[in-house]
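J.: generate coordinates for the sequence data below:
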Amino acid sequence: MKHLQSIKLIEKKAIAENTYSFIFTRPSNFKFISGQFVQFHFKVNENNVTRSYSICSTEFDENIEFCIKFLENGLASNYLKKMKLGSKINISGPFGKFVFKNNNIKNHFFIATGVGIAPIASILDNQLKVKSNLNNDFSLLFGLRHENNIFWLEKLKNWNKFENFQYKLSLSQPSQSWSGLQGRVTSHLPINTNDTMFYLCGNMNMVKEVRNLLMKKGVKTENICFEIF
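T.: Residues are numbered from 1 along each chain as shown. Next up is the predicted model:
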């Protein structure tokens, strides 16, 4: 039997089309490593439902935050949509090995699509803001579809204030007025992959395709860390 802990919803807000930020209270004894996920446990029509969500806050934050995309007719989506402030839900965990690799590699390159940026945000906030990691260089390639899918621009700008961080935001189906980077993340992979640790998070097709492309460039499998959403 998994050990369940109760968390209370204290903030819920839309950050992009069909994408919401949920902030819950953090149990006093709940410890995790930035990049890990928890499982939500709830009931729908007397049926037990379990869903996994990555934590996007850092391991040092007072509360725990989740970035969740609503899926039409999704059990979890509809349940979470109806959650009112002050209501509670059970979680188990943490789980996962999608965490910062504190090895001898200097460059750490993150590739995210959609809400796959959630665990990456936790890692970047932790390394840049909390730990003030100046020994490594960090890059982020963030892929979305349309302008109305864009979120966390303020986060990107705040990370960009650090000299050892840079990012690219690319839209695969932008409007004609979009003047930024265009195309899928596969079109913007780095040319030089030497001495680089890669972190991939997003849908299965993206992760598989990017992983294969990186391996063709000579990146070792142990230098590619990934999580599928």
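
J.: low-confidence regions, the protein specifically.
T.: Within the chain, the segments meeting pLDDT under 70 span 1-2.

J.: got the domain ranges for it?
T.: 5-95, 107-228 (automatic domain parsing).

J.: could you export those as JSON lines, including distance to Lys101 and mean neighbour count?
T.: C-beta coordinates here come from the backbone N, C-alpha and C atoms, glycine included. JSON lines is the format used below for the domains of the chain (distance: least, C-beta to C-beta, whole Å; neighbours: other C-beta atoms under 10 Å):
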{"stretch": "domain 5-95", "distance to Lys101": "10", "mean neighbour count": "16"}
{"stretch": "domain 107-228", "distance to Lys101": "5", "mean neighbour count": "17"}
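
J.: not counting residues beside it along the chain, what's closest to Gly93?
T.: In this structure, Gly93 finds its nearest non-sequential neighbour in Val38, 3.7 Å apart by C-beta to C-beta, 6 or more residues apart in numbering.

J.: residues contacting that neighbour?
T.: Val38 is in contact with 32, 52-53, 55, 64, 91-95, counting by C-beta atoms under 8 Å, 6 or more residues apart in numbering.

J.: give the other helices and strands that the longest helix anywhere in the chain contacts.
T.: If you go by DSSP state H, the chain has its longest helix at helix 204-216. Packing partners of helix 204-216 (3 or more C-beta pairs under 8 Å, 6 or more residues apart in numbering; DSSP states H and E): strand 196-202, strand 224-228.

J.: and those strands: which comes nearest Asn48?
T.: When the helices and strands packed on helix 204-216 are compared for distance to Asn48 using C-beta to C-beta, the nearest one is strand 224-228, at 23.1 Å.

J.: which elements pack onto the closest one?
T.: Here strand 224-228 touches strand 196-202, helix 204-216, going by 3+ C-beta pairs under 8 Å, 6+ apart.

J.: now do the strands in this structure.
T.: Using DSSP state E, the strands of the chain run over residues 5-16, 19-25, 37-44, 47-54, 63-69, 88-95, 107-113, 137-144, 165-171, 181-182, 196-202, 224-228.

J.: first vs last residue of stretch 175-186, how far apart are they?
T.: Stretch 175-186 stretches 20 Å from its first residue to its last (C-alpha to C-alpha, to the nearest Å).

J.: what's in contact with it?
T.: Stretch 175-186 has contacts (C-beta under 8 Å, 6+ apart) with 111, 113, 141, 143, 146-147, 168-172, 174, 188, 206, 209-210, 213.

J.: next one: phi and psi at the residue located most distally from the centre of the chain?
T.: Ranking residues of the chain by C-alpha distance from their mean position (C-alpha atoms, centre = their mean) puts Glu46 at the top, at 30.6 Å. Dihedral angles of Glu46 (phi, psi; degrees, to the nearest 10) stand at phi 70, psi 10.

J.: ok, the spatially closest residue to Glu65 that is not a sequence neighbour - contacts?
T.: Of all residues not flanking Glu65 in the chain, Ser57 sits nearest, at 4.2 Å (C-beta to C-beta, 6+ apart). Contacts for Ser57 (C-beta under 8 Å, 6+ apart) come out as 23, 63-65, 122, 125.

J.: of the residues you listed, closest to Ser132?
T.: Asp125 (11.6 Å).

J.: wait, the closest one touches Thr58, no?
T.: Yes - using C-beta atoms under 8 Å, Asp125 makes contact with Thr58 at a distance of 4.9 Å.
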